[in-house]
Each structure stands twice: as structure tokens, then as C-alpha cells.
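S.K.: mind folding the following:
(chains A and B)
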Amino acid sequence: MTKTCRISAFLLLLACSLSLSMAQTTAKKPSSGKPEKTSSSNANGATSWKQIPIPPLHQFHPQEPKRVELPNGLIVFLQEDHELPLIDGTFRIRGGSRDESADKTGLMDIYSEVWRTGGTKSKTGDQLDDELEMKAARVETFDGADSTFLSWSSLKEDFDQVLPAVLDILENPEFRQEKIDLAKQEVASFISRRNDDVNQIAQRESTRLAYGADNPYARIAEYDTVAAITRDDLVKWHKRTVAPNNMILGVTGDFDAAVMERKLRDMFGKLPQGEPFPKSQISFHDPTPGIYFIEKDDVNQSAIEIVDLGIERRNPDFYAVEVMNELFGGGFSSRLVSNIRTKEGLAYSVGGGVGAAYDHPGVLRISMGTKSGSTAAAIDALNKQIADLVNGGVKEEEIHKAKDSILNSFIFSFDSKEKVLGERMSYEFYGYPQDSLERYRAGIEKVTPEDVNRVAKKYVHPEKLAVLVVGNARDFDRDLATFGKVTPIDIRIPAPKKATENSR
Amino acid sequence: MTPMRNVFLRSIASVFLFLFFAATLQAQDLASFEKRTTVKKLPNGLTVVIVERPEAPVFSFYTHVDAGAAQEVLGITGLAHMFEHMAFKGTDKIGTRDYAAEKVALAKVEVAYAAYLKENLKETGRDPKKLAELEKAWKDAVAAANQYVKPNEFSQIIESQGGVGINAFTNWDETGYFYSFPENRLELWAYLESERFLHPVMREFYKERDVVYEERRLRTDSSPQGRLIEQFLGSAYFAHPYGRPVVGYPSDLRAFSATDALNFYHKYYVPANIVITVVGDLKASEAMPVIEKYFGRIPAAPAPEPLRTSEPPQRATREAILHEHSQPLYIEGYHRPDFRDPDDAVYDVLSDLLSKGRTSRLYRSLVRDKQIAVAAEGGSFPGSKYPSLFYFFAVPSEGHPAKEMEKPIHDEIEHLKTQDVSDEELQSVKTRAKADLIRGLADNQGLASQLGTAQARYGDWRELFRDIDRIEHVTKADIRRVANKTFSDENRTIAMIETEQPQAPAAADKGAQQ
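M.R.: Numbers count the residues shown, from 1 in each chain, chains lettered A, B, ... in the order given. This next block holds a predicted model:
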């Protein structure tokens, strides 16, 4: 997660309105272009929604971006979009937090912040801020588990002035020490705050349970690992990763693709190649099953997370798993919401499924919040839902609805040029076929009830799950020990070693 | 320093460029939307806005109901939000196995609940045995009604038909409902959306009340920031409902009934109070008749009476200090007028000046230079229909107490009161306001809610674009005047979290962080 996300998490609280649901239903994938049965109706006479005619969907062929490979290996996607006078772009660069060394966990947090705030050889970050904001332009850097990003957004008219700034940040970052110190202090502040929010604790610690606390996808920055990071580390990281053959650039907006291609060739075609960034070698182990507990005495609601390793998207079972997730914990009408929220009133937020990631196992995660006094009842209810899924099988009707839901909303995966560009960039980055979206639709269509029953048994193992409860044990309805041996997790924040030896 | 001068010169040049450019841009946008936007007030008083945006074969809608928590009185706090949840429970045709029987059963639930509540609220002479019997009678009546329910059928239809982003929100000012559909489901949408406001059924009300209570635990009771904000608003307002939580007080959440919710609905969910905005791949000439056919069925009714209570002037600084185990937070607020005030745009400029981006004053002062906070911002909250607050919020850096935020924030305020902002700074704010408006125009759902809100507030969606004109006219003198008028000691309410003790005693090395 990037730092901006964490800050806005604080600021967002003021945007205080109450929603029906925590999780927005994610856009799934297409609606069949084929006509559905229609019948006539009039409003007053309609006694059933089924009488409403549904005409065929308008023909739609999403505009594909143009893919260009520069001689130095930089891959560029150009997506014209003339609706608004804007030009936006993003470099995605291989190498992210999973590739930093464990004793410097947090390196990507610092790097992705100071890459931008630390300015370039010729301009301080503050000068860049002044210049860009005067144009209402944005140039930002951020990080993820497997990549870093440099992106910009500018009004079309300013593009020719903003692009050189982007190149300057790409080629000549200065990583000024004062901004490194500031970023480190910010990360340290986030460390000090990381046990304030019950759901943040539950999310973090359950990920550590699923992957293992030392796994690069789960480990967390500590005072000492942050203190150990030096300017030299940032410079080295930049040299190692920022090479055209390790990057993909996507540009969208109000431009002519041929003209833009020339500009980008001039601007980025001369960047020297570097060593290809190595594939990460991370091993994954199943979590240790059992019940885990973290005490938090200032809450009246427990956060419950049930986790295991999930799957990779390449897995041929991915489509059946998607259908299973949809009917089990996907939307408002899923089993988890219908049974635990609607019928029992035990939760406001409940949901989950077997997670899938592009190039490593995702996390099987079932999450729920319930009042302290119904914590054990909630675990019982979740266990029952899990057991029903695995042993009870799914009804054909449920499969139909889940597939309809995914297929009818498929259009929302590519209903903007920017989304199409984003999909294409992801496939390129992870080496997936460029027609993955079409394959997804076809894959979902083929899923049968037998497939879903099979993958439920294959990927959901009630006896192998790790169950984490974060809450106020004093008010629980039943001792967690009634579920088995309880393993407490110590989340106390390790104090920094002596400050003096670190800062430098 | 020399580089600084360069920046200066260049920015002056770009100021001129921008004044010209932005003005044309905005005219273009408005003209483009004029061509694509159709507004119709139906005979029953309901307003429909249609925006044609045929980028992809989908559409989004936003139903704006001009009623929120500010319409509640004590005893029913949380009810506007509760009704929002109930609007997903279906109708007399959706979500039921046998509505005729269900209706009778639901009526019995209300009778049983009223008897239980009456006993439960007795201040003297409550009979525990009788209470237990009444509770059982109520729960039995609920169980009897539940046998007719098809749970979540309403949401299930939307989801299986390809709806995405299904959600709704309630704040103090309004209630909003929204999702997106493939364009060939327009008529289905018009049916579903009109039916839920024509024939809402309060099924599973008391279970949903438990769900809402869980939402209160999640957002308020179990969250340090939630607790802080509840205390902050409660301190800033004595009389006006902005001082009360949208989610409701615990006592009211345990008391209000389905009958209360229906009463609220009948009073506030009248067509004159509703604006429906649809944006996407549709033609107004084809869509409007469909929408009118369905939404025109909602019977006309008198618009509800306006709110009577306004907040009396504040005469003393107020302070709420929460002693918590969590890390410190700081907020202070000053009463400001509502959105119709001529100075509304000045507050927008102030907010941008103080908060937006790395050049903003609070970031530069508290985060970059003094390094006492990791985030700081200012803006308007909690609403805009009624006189609201202008707040300053800071998240202190590790080791800095909340109290330490006060002085630097007041220094920034003093600065605003006594010194003009520079031309560059003001121009930069105006430029960003325009650019941000443009950035928000490329999304059906965002457009629907922005245009729908403008239509509801001002009676004209064009005001979304005219906001920019208002900002354009803000002067340096306006900023000083408004700062002086607003940011006074007696108009201030402060709330903060002071950390009482370390989160937990340290692991390996005793003292841990702090």
C-alpha cells in the first residue's frame, strides 16, 4: 500500500457518510451481446420484473490501445481518448516490496515517496510541486508488491511541459537526504499507529498468518528496518530497476497516437538498457491451522478473519473458483450476506472467498465484524457456512445466478478506454495472453455445478484454516478455547534499538 | 535563490495562459453538457435528469432524496439511514412468497413490538416477567412474518442482471442510491427503482436494525476516530441536528420501529423531494418516456416542512478531550454559513489553499517544515445544506501530542487573517479547481451524483459548472475578510485524542515506542 493511501485513510473519516455496504461490488465481467427473451408489458400492469423486456445490448467493440515496443525494450501502450482535454500516463517498473531485503523492510515505502519528493538533480521536490500544481498537473510515484509506478496527469495543453519533468524524475532523481528523513519519520509514525484500528490489525495479522510473517507479501516495516535504510539503498534500487527493458508505459488521453508515439520515442527511446529484473523466488507454505487471538480492550466489536492460501489466476480452476466466490461471499445476495447479515443480523460487514493473484497464490479470506457478545456465535455461523459449501454442495440455481451476475456485468471490465488500457498493461506485465478478458468470459460460461463442488472441496479445507479474532475477550459470549487451543499473537511494537547507530 | 525567481516568472506567464484557457474550457464543457442533458419535472413533482454519454453500452444512476439525518428528531436518530437499508428489502412483489399474508404478519409484529417497547421504556414499575413475555411475543411475531420472506431478492435481481456498484449512503443532508447497469436494462432499472419507493416493505426490520447497530460499532464505537468525531460534533452543536450522529444514538437504535421508518418515508420520500439522474448510453428521447412511465406512478404529495431549528451563535470556545489508548488526533472547527451564502466559494478556496497537495499551507507548515504531523487538512464538514463547520484536522507525528497541533494551526489562521495570499497561490487554486472539475467528468457514476446533487441543491445541474465561476471571482480580500469573520476564539470547538498510556507494554525491550 502506498503512503498516500494510508494518509487518506485518516482524512477520509471526515467524508463521513454511512453506506449500505463496506465493499463495493467489484466490476466483473460481459454481458452477452446476445438477445434475451423479451415480452411486452406496461408499467401499471407489470406484476413481475420478469415481464420487463430486455433488448439486445448495443454492439460494442472496445477500442484497443496501440502497442509499441521501442528498440531499448520499453513497451508502450497508446490509448486515444478524446472526451476530455487531459493526457495521463503511467510507467510500471518491475521490482517492488516483495523484492526488498527483509532487514530493510519499508525500503519501497521510503523509495516511492522520496523518488518524487526528493526532486531531481536540477530541481528540488518542492520546486517541482510549485511548478506542477500551478498547472494543476500531477506527477506521482508509488509502490506495490511487485512494481513501482511513476504516473502523471496533465491538461493536454501542458503535456509538453509536464513530460520533460516526468523524464527528469525518471532519469535524474536526487533522493535528497532531508526528504528521506521526513519520509522515515512518516513511516515511523504509521508504525506507531498501526495498532489503533481493530480492522487494520485484523487485516495485517491475518495476512501474516496466511503467508507466514516472514513472507515478502506479509512482512511489515519496523522501526529498525526503516532506520537501516540509507540514501545509497534508494539510489541503488533506482539504478537496478529503472531501465526501459523493465518498464511498461501506458498513455491515455486527448492525443494523436502517431504524434504521441514520435514524442515518446524521442523522449524515452534513448534510455539505456539495464539488467532484466529477476523473477522473484518466493516459497509459499500453508498456514498453521488453529484459532488465534489478539486482545483489544477499547472496542465493542470483534474482527474475525479466516484465512488460508488461495490460488493463482493461471490455475485452470480459476473460473470455477470465481463462480464459487460469487455465490458464497461475493455480493449482497451471496450466502454469507444472506445468512449471516440478513437473516441473523450478526454483522454489518461480512464476505470473502478464495483469492487469486496473477503470479503467486492469493489469500483465501473470510472476514466479518460482530459485536463482542456474539463473537463465538459468529465463528460458529461462519464455520457452518464453510462446511455447507464444502459438504453440502451448491444448487444449480445458485450457479445460474452467480454466472449471470458475472457475465451480465462483464461489460464493466472494459466500459472505459482507461480500463481497457489497464487490463492490457496487466496482461503484458504478468505475461498473460492479451485476450485474457475474452478467455475469462468463455471460462465462466463453461463452469458447471460439478466444477464448483469440486473446487470447493479442493481449495476450501475447513480443518486447515487459520481463524483470527481481534477483540475484547471480556465480553465474548463464549471462551475461544471452546474452539480449540488458542494461540495469542503478540502485536506489541518492537522498540527501536539505540537510535544513534541507525540514522545515517 | 535564483531557481525560485525562475519559478516565479514562469508561473506568471502560465497564469495568463490559464485564465484564457480555463475560461474557454469551461464554456466548452457547459456547452457540451447543454447538448447532452435533458431535465424534466414530472407532474408529480419528481425531477429527472438524463445525460447522454455513449462511451460504452452501460449507464449509471443516482437517486437523490433530499432528506438525511438532519430531518430526524430525538428518539428516532439514525432513522434516515435505517430507511436507506430498508430500501433494499424489496417490495410487495419482490422479496415475498405471499404478500397478503406477510402484510398481516408484519402488522402483528408492529403491535407486539409497540407493547414490548412501552414496557421496556417504563421509567418506574417495569415488570421483568411481563417484559420477557412481551419480548417473546414480539420475536414470535417476527418469526411468523419471516416465513414469507425471500431474503435479498431485490439485490439478487440487480446482481444477476449485471448491476455493479450497488450501494447507497446517508449523511446529514441527503440520502443517495446508486448502481450501474448494462444499457439494455434501463426499463428494468426504472421498474425496480420506482417500485422500491412506491411499495417499500419493512420486512426483517429488526434484524436489519441489528445490522445497523453493528455498523455503529464498526464506525463509531470501535474506532478512535469515530469516537472523536462524535464528540467533536456533539460539542460544536447544541441545537442543530448536525451535532447528532447519522448512524443514531444507541438508545434510539434499540427503540425505533418499522412504523417510525414508514412514517419517515411517507413524510420525506415524496416526489418533490427526489431527483433521479441517469448518465450513460441512452437517448433522452427514448429513455425519458420509460422513466416517466414508471416514476410518474409515485403519487404527488406536499413537500415536507423545512427544518425549524438553527444553531444559536456560539459564545465560548468548547473543548472535548478524549483520553484513549490510541495515538493522538486533533480537530478544531468553526461555524460557517450554508452553501447558499455568497461566501460559500471563499470557503472552497480556503479549503484548497490549506489542504490540496504538497503546496498546501497545512502540509508545508505542519508536515514538511515543522514535521509535527503526518497529515493535515482543512475543509467544510459535516454538511452544506445548513450552516456547517470549517475544520482543521491533523494527525500528529510520532511523539507529538495532539495539543501541539493547536498553535501552528492558529498561526496559519492568523496568517490568513493578516496577510493577503499571493496572486500565484490564488491562481493556482483556481486552476486546480477547474482541472479537478474536468477530471470528474469522465465517469458515469460520478457525473450522475455530481449533476444530481447540483440539480437537487440549486434546482439546476449547471451550477456544477458555475461553482467554478464563483471560485474564479474570489479575491484576496475575500479570503482575509472571511478568515477574520469565521476564525474567532468564541466560534471554536476543539476535540482531540490524548494518548493515555502506551498501546501495550513493550515486548522484548520493556518501554516500547511512544
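
S.K.: SS state for residue A:341?
M.R.: helix (DSSP: H, G, I helix; E, B strand; the rest coil).

S.K.: roughly how far apart are it and residue A:381?
M.R.: Residue A:341 is 10 Å from residue A:381, where distance means Cβ to Cβ, to the nearest Å. Bear in mind the C-beta positions are built from the backbone N, C-alpha and C, glycine included.

S.K.: what of residue A:106?
M.R.: From residue A:106 to residue A:381 the distance is 38 Å (Cβ to Cβ).

S.K.: where does the stretch 201-350 of chain A have low pLDDT?
M.R.: Applying pLDDT under 70 to the stretch 201-350 of chain A picks out no residues at all.

S.K.: what about the closest residue to chain B within the stretch 101-250 of chain A, neighbour count?
M.R.: The minimum distance from the stretch 101-250 of chain A to chain B, using Cβ to the nearest Cβ, falls at residue A:136 (3.4 Å). Under the neighbour criterion other Cβ atoms under 10 Å in any protein chain shown, residue A:136 is assigned a count of 25.

S.K.: show me the contacts for it.
M.R.: Taking Cβ atoms under 8 Å, 6 or more residues apart in numbering or on different chains, we find residue A:136 in contact with A:155, B:428, B:431-432, B:434-436.

S.K.: again with residue A:86
M.R.: For residue A:86, the contacting residues are A:153-156, A:253-254, B:438-439, by Cβ under 8 Å, 6+ apart.

S.K.: not counting its neighbours along the chain, what's nearest residue A:47?
M.R.: Excluding its sequence neighbours, the residue lying closest to residue A:47 (Cβ to Cβ, 6 or more residues apart in numbering or on different chains) is residue B:93, at 6.6 Å.

S.K.: do the same with residue A:239
M.R.: residue A:274 (7.6 Å).

S.K.: so who does the one you found touch?
M.R.: Here residue A:274 is in contact with A:239-246 (criterion: Cβ under 8 Å, 6+ apart).

S.K.: and it, that one's in a helix?
M.R.: No: counting by three-state DSSP, residue A:274 is not found in a helix; it is coil.

S.K.: specify the local secondary structure of the closest residue to the residue of the stretch 101-250 of chain A closest to chain B other than its chain neighbours.
M.R.: Sequence neighbours aside, residue B:435 is the residue nearest to residue A:136 in space, at 3.4 Å (criterion: Cβ to Cβ, 6+ apart). The three-state assignment at residue B:435 reads helix, by three-state DSSP.

S.K.: any idea how many residues pack against residue B:435?
M.R.: 24.

S.K.: how near is residue B:202 to residue B:79?
M.R.: 12 Å.

S.K.: again but with residue B:464, I slipped
M.R.: Taken as Cβ to Cβ, the span from residue B:464 to residue B:79 is 30 Å.

S.K.: low-confidence ranges in the stretch 1-150 of chain A?
M.R.: Ranges of the stretch 1-150 of chain A meeting pLDDT under 70: A:1-18, A:21-46.

S.K.: same check, this time on the stretch 1-150 of chain B
M.R.: By pLDDT under 70, the low-scoring segments of the stretch 1-150 of chain B are B:1-28.

S.K.: now do the phi/psi pair for the residue of chain B found nearest chain A.
M.R.: Of all residues in chain B, the one sitting closest to chain A is residue B:162 (2.8 Å; Cβ to the nearest Cβ). Dihedral angles phi and psi of residue B:162 (degrees, to the nearest 10) take the values phi 100, psi 10.

S.K.: and residue B:293, by the same measure?
M.R.: Dihedral angles for residue B:293 - degrees, to the nearest 10 - are phi -60, psi -40.

S.K.: now do the one 10 residues further on
M.R.: When read as degrees, to the nearest 10, the backbone of residue B:303 gives phi -70, psi 150.

S.K.: before we move on, what about residue B:391?
M.R.: Torsion angles, degrees, to the nearest 10, at residue B:391: phi -110, psi 160.

S.K.: could you give the bridge partners of it?
M.R.: Beta-bridge pairing of residue B:391 under DSSP bridges involves residue B:333, residue B:379.

S.K.: helix or strand for residue A:415, just tell me which one.
M.R.: When elements are assigned from DSSP states H and E, residue A:415 belongs to no helix and no strand.

S.K.: how many other residues sit next to it?
M.R.: 26.

S.K.: same question for residue A:236.
M.R.: Close neighbours of residue A:236, defined as other Cβ under 10 Å, add up to 11.

S.K.: tell me the confidence at the residue of the stretch 301-450 of chain A found nearest chain B?
M.R.: Nearest residue of the stretch 301-450 of chain A to chain B (Cβ to the nearest Cβ) works out as residue A:408 at 2.8 Å. Residue A:408 is assigned a predicted lDDT (pLDDT) of 96.

S.K.: next, count neighbours for it.
M.R.: Neighbours around residue A:408, by other Cβ under 10 Å: 27.

S.K.: for it, which non-adjacent residue is closest in space?
M.R.: residue B:162 (2.8 Å).

S.K.: so the one you found sits right up against residue A:403, yeah?
M.R.: No: with contact defined as Cβ atoms under 8 Å, residue B:162 does not count as touching residue A:403 (11.4 Å).

S.K.: pick out whichever of those two has more residues nearby.
M.R.: Counted by other Cβ under 10 Å, residue B:162 and residue A:403 do not tie: residue B:162 has more neighbours, with 28 against 22.
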